[in-house]
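A.B. asks: With the input below, show me the fold.
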Amino acid sequence: MILALMRKLIADLKENSGSASSSTETAIVFVTNLGLIVISLGSQSMLAWMLGPEGRGAYAVCVLFATIMGVVFSFGVDRASQYFLIARRHSVSSSLTIAFTLTLTGSFVALILSWFLIDTGLSFFDKAEQSSFQASLILIPLTISFTVLHLQLAALRMFVELGAACVIQGLTNLLLIPLLAIVFDLGVNGAIIAYIGGFIAGIVAALSMLRTKHGYKFERVRLRELKDVLSYGLRYYAARLGHLLDAHVATIILAMMATQAEVGLFVAVSLLVLKLQIFSDSIEASLLPRITSNSSKVTEIVEQCVRLTALFTALAAVLVMVLAIPLTEYILSPAFLAAAPLVLILGPSIIFHGTSKIILAYFRATNRPEICSTVVIVGLAINCLGLLTLYPSMGLVGAAWAMAIAFVVRSLLILYAYRYITGRRVLELMRPQANDLHAISLSFSRISKYILFMFQRKIG
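C.D. replies: Okay, the predicted model is just below:
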């Protein structure tokens, strides 16, 4: 029933919006991401109020462990298959078949290895019950499968369908959390099962939409195609893994050095700040296909996206920093107030981090994934070194500074790499252009029309 309603909404949206322009696509992705942030904040708030800092820390390390194992054994295939689909070198069916074949095979290996890792006695696994870690292993194939479908839908510019699948995933998780964690008194395990249920619902929705529009079916693929995808994936592999670790390495290290409550405090607040990536994520999703189809205007497109991302992220970051205390107290609960100062440390760095993600998208779209890998690994090394140096003397404040410094240094390296390749100076890149105002106006117009249309549909 939910899928039927979503299909009707999708058809109405396309009928009213006509051919999808880049600004329309960005507006759709932005509004969808905005809705997902609201849903995510609802989920995070429930977890914080229901589980407290200690339970939130246990939940975080279990989910993070499964996510990392999934990414480690996916070998960058999710991004690689997206690139080949955007470049029209693979059909939808062959692209998905290759991606699922490689990632699910890797997930099977990850499941077996993870089961034994849980019993190794590492301090990381002391932060949650063994049953919680074991339950989270189901997330390994589910998270990577959903990521594959997410990137494939973006490559096909099916942004409304992508939004629908993500909303279904988020809402299912949101509805199951209180049911399983409180009503059935399953605590952390209940929250993990709710997360699993959300991914299952999202995967079913995404596959249904792909089958309806593109007639997706499993098909035989050639060995050469598998090799090509693996080649790209392995070149991007370090960046793929580095992106994940760069955002969560603090949690990993803290899980081995800090208390369970400290882990919960840091994770909850850092995730709150990372939500500000809504602007870079929205623009990046519609940017990749545009770069491929507008090769003569690549730098112009990328640089305008960089400037707009920097502007919007900076405005949002300032607002969040000003409201750091009430946001922490009312969204996460008073038990998390001790971590509110971390928002002031991480806020400015997220401007650099979000803006540089646009340039990384340019490197991926122009078949330079190795650059992404290099700069991300350097940033990760700085983050690790900073954590090991600053946390023992400064606590969670030191962990926040380590993450912030790593984000800024990595962003500067990305800007240098962009200048080296394109010859464009940073000042030229960031200098406002006459058409920027028009782009901002058009974006707000598209977003307003999209929100109004959604509201009218609901009233009607």
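A.B. asks: Every contact and neighbour count from this point should use C-alpha atoms.
C.D. replies: Noted.
A.B. asks: Now do the end-to-end distance for stretch 74-92.
C.D. replies: In stretch 74-92, first residue to last residue: 19 Å (Cα to Cα, to the nearest Å).
A.B. asks: Okay, buried residues for it please.
C.D. replies: 74-86, 90, 92 (16 or more other Cα atoms under 10 Å).
A.B. asks: The residue nearest the centre of the chain: helix or strand, and which one exactly?
C.D. replies: Nearest residue to the geometric centre of the chain (Cα atoms, centre = their mean): Asp281, 7.6 Å. Element membership of Asp281 [criterion: DSSP states H and E] is helix 278-293.
A.B. asks: and if you look at Ala99?
C.D. replies: helix 92-117.
A.B. asks: Let me see the mean pLDDT of that helix.
C.D. replies: In this model, helix 92-117 has an average pLDDT of 92.
A.B. asks: quick check: longest helix of the chain.
C.D. replies: Counting residues, the longest helix in the chain under DSSP state H turns out to be helix 22-72.
A.B. asks: next helix or strand past that helix?
C.D. replies: The helix or strand immediately downstream of helix 22-72 is helix 77-86, counting by DSSP H and E.
A.B. asks: Average pLDDT for that following helix, rounded please.
C.D. replies: pLDDT averaged over helix 77-86 gives 88.
A.B. asks: for stretch 158-169, same thing?
C.D. replies: 88.
A.B. asks: Now it: buried residues?
C.D. replies: Of all the residues in stretch 158-169, those buried under the rule 16+ other Cα under 10 Å are 158-169.
A.B. asks: now stretch 266-285
C.D. replies: Residues of stretch 266-285 classed as buried: 266-270, 272-285 (neighbour count, 16+ other Cα under 10 Å).
A.B. asks: Same check on stretch 303-317?
C.D. replies: Buried residues in stretch 303-317, counted by 16+ other Cα under 10 Å: 303-310, 312-314, 316-317.
A.B. asks: And the buried residues of stretch 158-169, which is closest to Ala128?
C.D. replies: Minimum distance to Ala128 across these is 24.7 Å, recorded for Gln169 (Cα to Cα).
A.B. asks: from what I can see the closest one touches Ala206, true?
C.D. replies: No. Taking contacts as Cα atoms under 8 Å, Gln169 lies outside contact range of Ala206: 9.9 Å.
A.B. asks: Number of residues surrounding Ser208?
C.D. replies: The local packing of Ser208 (other Cα atoms under 10 Å) involves 15 other residues.
A.B. asks: right, I mislabeled it, should have said Arg224
C.D. replies: The local packing of Arg224 (other Cα under 10 Å) involves 9 other residues.
A.B. asks: Same check on Val318?
C.D. replies: Counted with other Cα under 10 Å, residues neighbouring Val318 total 15.
A.B. asks: swap in the one 10 residues further on?
C.D. replies: Other residues within reach of Thr328 by the criterion other Cα under 10 Å amount to 23.
A.B. asks: try Gly215
C.D. replies: Gly215 has 12 nearby residues by other Cα under 10 Å.
A.B. asks: which stretches of the stretch 1-150 of the chain have low pLDDT?
C.D. replies: 1-28 (pLDDT under 70).
A.B. asks: Could I get the full set of helices for the stretch 151-300 of the chain?
C.D. replies: 159-178, 187-214, 223-257, 260-274, 278-293, 298-322 (DSSP state H, counting those that start in this stretch).
A.B. asks: correct me, but Phe84 touches His90?
C.D. replies: Yes. Here Phe84 reaches His90: they are 5.9 Å apart, a contact under Cα under 8 Å.
A.B. asks: list the residues that contact both of the two?
C.D. replies: Residues touching both Phe84 and His90 by Cα atoms under 8 Å, 6 or more residues apart in numbering: none at all.
A.B. asks: Not counting sequence-adjacent ones, nearest residue to Ile182?
C.D. replies: In space, and not counting its chain neighbours, Ile182 is closest to Met50: 7.7 Å by Cα to Cα, 6 or more residues apart in numbering.
A.B. asks: And for Ile98?
C.D. replies: Take Ile98 and drop its neighbours on the chain: the residue closest to it by Cα to Cα, 6+ apart is Leu226, 6.5 Å away.
A.B. asks: ok, now how distant is that neighbour from Arg220?
C.D. replies: Taking Cα to Cα, one finds Leu226 at 11 Å from Arg220.
A.B. asks: Between those two, which is the more surrounded one?
C.D. replies: Leu226 (19 against 9).
A.B. asks: And the pLDDT at the more buried one?
C.D. replies: For Leu226, the predicted pLDDT is 85.
A.B. asks: Kindly report the same for Arg211.
C.D. replies: Arg211 is given a pLDDT of 89.
A.B. asks: Ala205 is in contact with that one, correct?
C.D. replies: No. Applying Cα under 8 Å as the test, Arg211 and Ala205 come out as separate, 10.0 Å apart.
A.B. asks: out of the two, which sits in the busier spot?
C.D. replies: Set Arg211 next to Ala205 and count neighbours by other Cα under 10 Å: Ala205 wins out with 21 against 13.
A.B. asks: Chain neighbours aside, what residue packs nearest to that one?
C.D. replies: Among residues not flanking Ala205 along the chain, Ala165 sits closest, at 5.5 Å (Cα to Cα, 6+ apart).
A.B. asks: And Ala206, by the same measure?
C.D. replies: Sequence neighbours aside, Ala165 is the residue nearest to Ala206 in space, at 5.5 Å (criterion: Cα to Cα, 6+ apart).
A.B. asks: Kindly provide the distance from that neighbour to Phe125.
C.D. replies: From Ala165 to Phe125 the distance is 32 Å (Cα to Cα).
A.B. asks: and what of Trp115?
C.D. replies: 12 Å.
A.B. asks: between these two, which one's more packed in?
C.D. replies: Phe125 (20 against 13).
A.B. asks: got the contact list for that one?
C.D. replies: By Cα under 8 Å, 6+ apart, the contact list for Phe125 reads 118, 133.
A.B. asks: how close does it get to Thr313?
C.D. replies: 36 Å.
A.B. asks: same thing with Arg424?
C.D. replies: Distance, Arg424 to Thr313, by Cα to Cα: 23 Å.
A.B. asks: On the C-terminal side of the helix holding Ala99, identify the next helix or strand.
C.D. replies: Following helix 92-117 toward the C-terminus (DSSP H and E): helix 130-136.
A.B. asks: Determine the set of other helices and strands touching that following helix.
C.D. replies: Judged by 3 or more Cα pairs under 8 Å, 6 or more residues apart in numbering; DSSP states H and E, helix 130-136 is in contact with helix 22-72, helix 187-214.
A.B. asks: Between helix 159-178 and the first one, find me the angle.
C.D. replies: Which is helix 22-72. 50 degrees (axes from the mean of the first three to the mean of the last three Cα atoms, to 10 degrees).
A.B. asks: how big is the angle separating helix 22-72 from helix 77-86?
C.D. replies: Going by the same axes, to 10 degrees, helix 22-72 is angled at 140 degrees with respect to helix 77-86.
A.B. asks: Now find how far off-centre helix 22-72 is within its chain.
C.D. replies: Distance of helix 22-72 from the chain centroid (Cα atoms, centre = their mean, to the nearest Å) equals 9 Å.
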